[in-house]
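just need the structure, nothing else, for what follows:
(chains A and B)
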Amino acid sequence: GDSVTQMEGPVTLSEEAFLTINCTYTATGYPSLFWYVQYPGEGLQLLLKATKADDKGSNKGFEATYRKETTSFHLEKGSVQVSDSAVYFCALSLMGGFKTIFGAGTRLFVKA
Amino acid sequence: KAGVTQTPRYLIKTRGQQVTLSCSPISGHRSVSWYQQTPGQGLQFLFEYFSETQRNKGNFPGRFSGRQFSNSRSEMNVSTLELGDSALYLCASSWGRGPNTEAFFGQGTRLTVV
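Residues are numbered from 1 along each chain as shown, chains lettered A, B, ... in the order given. So this is what the prediction gives:
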């Protein structure tokens, strides 16, 4: 079935370090791909998305490129901040937002 | 415009009781979906409603049910609560069901079953 696999956390980085969170997917169709972020005590917020192969989603310094050949959608940021500490979820959707399949989430801690 | 509103934010119930959670979607959104989030299982899809009809259902027992009203507001009900139902329940709304539709999430209802 359709699934999303992302790297286990927690990931602990120092401020200004480079971030990569790996995400790969399995899908029977042609999914849209998303990264969501969840801050403590909050719901999920869409961070970025890509809807077709080679699309690059970007927001707040975060980027991810839809790689169909490797079925991947890795999240990157060149210089993390303490305020980026949160849980990041990779997700796919085959029919829009009504049935989104999420990865397990990766907790990121950024130290000052 | 107002975001997705879930009430209540926190709830404590006893095993065997039932509970109803509410979700008010963003104005104009017609699709509402529900997710259960637990540390062990992560985010799992419960069901989705569109135009007052359940369109998709996840792999949960029949104790979990829901409905949607004509104003798109949705409720989720869990009967005969079990300890394992303790979780954060998230509601998401979207304007439609197309392939690129973005889901907007509420802050969730934290249910604790004791």
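
all strands for the chain, in order.
Unless you meant another one, I'm taking chain A. Ranges of strands in chain A, per DSSP state E, are A:3-6, A:11-14, A:19-21, A:23-26, A:32-38, A:44-50, A:56-59, A:62-65, A:75-77, A:86-93, A:100-102, A:106-111.

can you look at chain B instead?
Taking DSSP E, the strands of chain B run over residues B:5-7, B:10-13, B:19-24, B:31-38, B:42-50, B:53-57, B:64-68, B:74-78, B:87-94, B:104-105, B:109-113.

near chain B, which residues of chain A are found?
Contact residues, chain A versus chain B (Cβ under 8 Å from any Cβ of the partner chain): A:32, A:34, A:36, A:41-46, A:49, A:51, A:89, A:93-105. Backbone N, C-alpha and C define where each C-beta goes, glycine included.

just give me the lowest mean pLDDT stretch among the strands of chain A.
For the strands of chain A, the bottom mean pLDDT is recorded on strand A:100-102, which sits at a mean of 85.

which helices and strands sit right next to it?
strand A:3-6, strand A:86-93, strand B:42-50 (3 or more Cβ pairs under 8 Å, 6 or more residues apart in numbering or on different chains; DSSP states H and E).

that strand pairs with which strands?
Its sheet considered, strand A:100-102 pairs with strand A:86-93 (antiparallel) by DSSP bridges.

next up, the contacts around the residue lying closest to B:S70 once chain neighbours are set aside.
Sequence neighbours aside, B:E52 is the residue nearest to B:S70 in space, at 6.3 Å (criterion: Cβ to Cβ, 6 or more residues apart in numbering or on different chains). Counting by Cβ atoms under 8 Å, 6 or more residues apart in numbering or on different chains, B:E52 touches B:R67, B:Q68, B:F69, B:S70.

do that again at 7 Å, thanks
Counting by Cβ atoms under 7 Å, 6 or more residues apart in numbering or on different chains, B:E52 touches B:Q68, B:F69, B:S70.

ok, and the most crowded of these?
B:Q68 (23 neighbours; other Cβ atoms under 10 Å in any protein chain shown).

wait, doesn't that one sit right on B:E48?
No - between B:Q68 and B:E48 there is no contact under Cβ atoms under 7 Å: 9.4 Å.

and the pLDDT at A:G1?
Here, the pLDDT recorded for A:G1 equals 80.

tally of neighbours for it?
6.

how far away is it from A:C90?
Distance, A:G1 to A:C90, by Cβ to Cβ, to the nearest Å: 16 Å.

one more: A:R67?
13 Å.

neighbour count winner among these two?
Set side by side, A:R67 and A:C90 show more neighbours around A:C90, with 29 against 16, by other Cβ under 10 Å.

and chain B, which residues reach chain A?
By Cβ under 7 Å from any Cβ of the partner chain, the residues of chain B that approach chain A are B:31, B:33, B:42-43, B:45, B:48, B:50, B:55-56, B:90, B:92, B:94, B:96-103, B:105-108.

can you select the buried ones among those for me in ChimeraX?
A single ChimeraX command selects the buried members of the residues of chain B next to chain A (16 or more other Cβ atoms under 10 Å in any protein chain shown):
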select /B:31,33,43,45,48,50,55,90,92,94,97,101,102,103,105,106,107,108
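
give me the number of residues near residue 71?
I'll assume chain A. By other Cβ under 10 Å, neighbour count at A:T71 equals 16.

that answer is for a different chain, and I need it for chain B
Neighbours of B:N71 (other Cβ under 10 Å): 10.

mind checking how far A:A17 is from A:D84?
A:A17 sits 10 Å away from A:D84, going by Cβ to Cβ.
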